[in-house]
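Novice: coords please:
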Amino acid sequence: MKIAFHGAARTVTGSKHLITLKNGKKVLLDCGMFQGLGKETDVLNRDWGFNPSEVNYLVLSHAHIDHSGLIPKFVKDGFAGKIFCTPATRELTEILLADSAEIQEDDSKFLNKRRAAAG
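Specialist: Have a look, this model is predicted:
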């Protein structure tokens with residue numbers, strides 16, 4: 001087994017740990033979003049460090065956005081495997097992802113307004 005840490009190693013957010021099993025199957029433990037408004041955060045949320053289409057399973061430990069926030073992007077970028085979590089985590093994740101999307105829209109409007117004011 002091999003474990004590669006792709007988030008929450010040098011920061012508090014963005015938890016993603018890719019486990020490659022002896023049989024070649026790949027399991028991603030959590031799919032968290034790096035949080036913050038800086039350019040570095042944007043870059044961290046765009047670069048996986050691995051190919052999502054090669055991952056077989058996602059195990060979600062809990063619903064917090066720093067553990068679940070990039071699931072929609074993960075699927076969009078090619079993940080087609082099975083997601084494992086508790087029923088309670090699934091229900092709460094659906095709520096938190098919708099809320100997070102709204103917050104991200106507001107953040108985007110704020111940043112665009114700030115850029116426009118700066119010229």
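Novice: Below-threshold pLDDT in this protein: ranges please.
Specialist: Across the chain, the ranges flagged by pLDDT under 70 are 107.
Novice: Dihedrals phi and psi, the residue nearest to the spatial centre of the chain?
Specialist: For the chain, the residue nearest the mean C-alpha position is residue 70 (2.7 Å; CA atoms, centre = their mean). Here is the backbone geometry of residue 70 (degrees, to the nearest 10): phi -100, psi 10.
Novice: can I assume it is in contact with residue 30?
Specialist: No. Counting by CB atoms under 8 Å, residue 70 sits too far from residue 30 to count as a contact (9.3 Å). In this view, the C-beta of every residue, glycine as well, is placed from N, C-alpha and C.
Novice: any common contacting residues for the two?
Specialist: The contact sets of residue 70 and residue 30 overlap at residue 16 (CB atoms under 8 Å, 6 or more residues apart in numbering).
Novice: Which parts of this structure are strands?
Specialist: 2-5, 17-20, 26-29, 57-59, 82-84 (DSSP state E).
Novice: Give me the sheet partners of the fourth one and which way each runs.
Specialist: With DSSP bridges as the test, strand 57-59 is paired with strand 26-29 (parallel), strand 82-84 (parallel).
Novice: Tell me which of these sits most buried.
Specialist: strand 26-29 (a mean of 20; mean count of other CB atoms under 10 Å).
Novice: Can you tell me what sits against that one?
Specialist: 15-21, 50, 54-59, 61, 74, 79.
Novice: now the strands paired with strand 57-59 as CSV including distance to residue 8?
Specialist: Compiled in CSV, the strands paired with strand 57-59 are given as follows (distance: least, CB to CB, whole Å):
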stretch, distance to residue 8
strand 26-29, 10
strand 82-84, 19
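Novice: For residue 96, find the nearest of those strands.
Specialist: Proximity of the strands paired with strand 57-59 to residue 96 was assessed by CB to CB; the nearest stretch is strand 82-84, lying at 14.7 Å.
Novice: How much space separates residue 33 from residue 12?
Specialist: 12 Å (CB to CB, to the nearest Å).
Novice: and what of residue 108?
Specialist: Relative to residue 12, residue 108 is positioned 22 Å away (CB to CB).
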